[in-house]
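In: just to be clear, the model below is a prediction. Sequence and coordinates:
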Amino acid sequence: MNKKTLSYQICKWLFLLSIFSLLFNGVLYLTLEDKNLIFSFIGAIGIGIISGIGALITRKNAS
C-alpha cells in the first residue's frame, strides 16, 4: 500500500466515523433535547465535510 492509498483510506474512515457520529448525536439530540449536543452535531458535520473533500482529492490522486 503506497502513501496515496493510505491517505485515501484514512480520509475514508474519518468520513465514515463522522457519519456515524452525526447519526448518533442526532439520535441523542432528538431523544434528550439537550442544547449542548448541538455543538457535537455541528462538529461532526464539519469533520465530515473536510474528510469527504479530502477523500475525494486523495481518491483522484490514488488512482
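Out: Right, received. Where do you want to start?

In: going by C-alpha atoms from here, please, whenever you check contacts or count neighbours.
Out: OK.

In: secondary structure element holding the nearest residue to Ser7 once chain neighbours are set aside?
Out: Among residues not flanking Ser7 along the chain, Thr58 sits closest, at 6.7 Å (C-alpha to C-alpha, 6 or more residues apart in numbering). Take DSSP states H and E as the rule and Thr58 turns out to sit in helix 37-62.

In: so for that helix, what gets flagged as buried?
Out: Buried residues in helix 37-62, counting neighbours by 16 or more other C-alpha atoms under 10 Å, are found at Leu37, Phe41, Ala44, Ile45, Ile47, Gly48, Ser51, Gly52, Gly54, Ala55, Thr58, Arg59.

In: can you give me how far it is from the chain middle?
Out: Using C-alpha atoms, centre = their mean, to the nearest Å, the distance from the centre of helix 37-62 to the centre of the chain it belongs to is 5 Å.

In: and stretch 18-30, by the same measure?
Out: Offset of stretch 18-30 from its chain centre (C-alpha atoms, centre = their mean): 11 Å.

In: pretty sure the residue nearest to Ser7 sits against Asn2.
Out: No. Taking contact to mean C-alpha atoms under 8 Å, the distance of 12.0 Å between Thr58 and Asn2 leaves them out of contact.

In: what pLDDT, on average, does the helix holding Thr58 get?
Out: With pLDDT averaged residue by residue, helix 37-62 scores 84.

In: thank you, goodbye.
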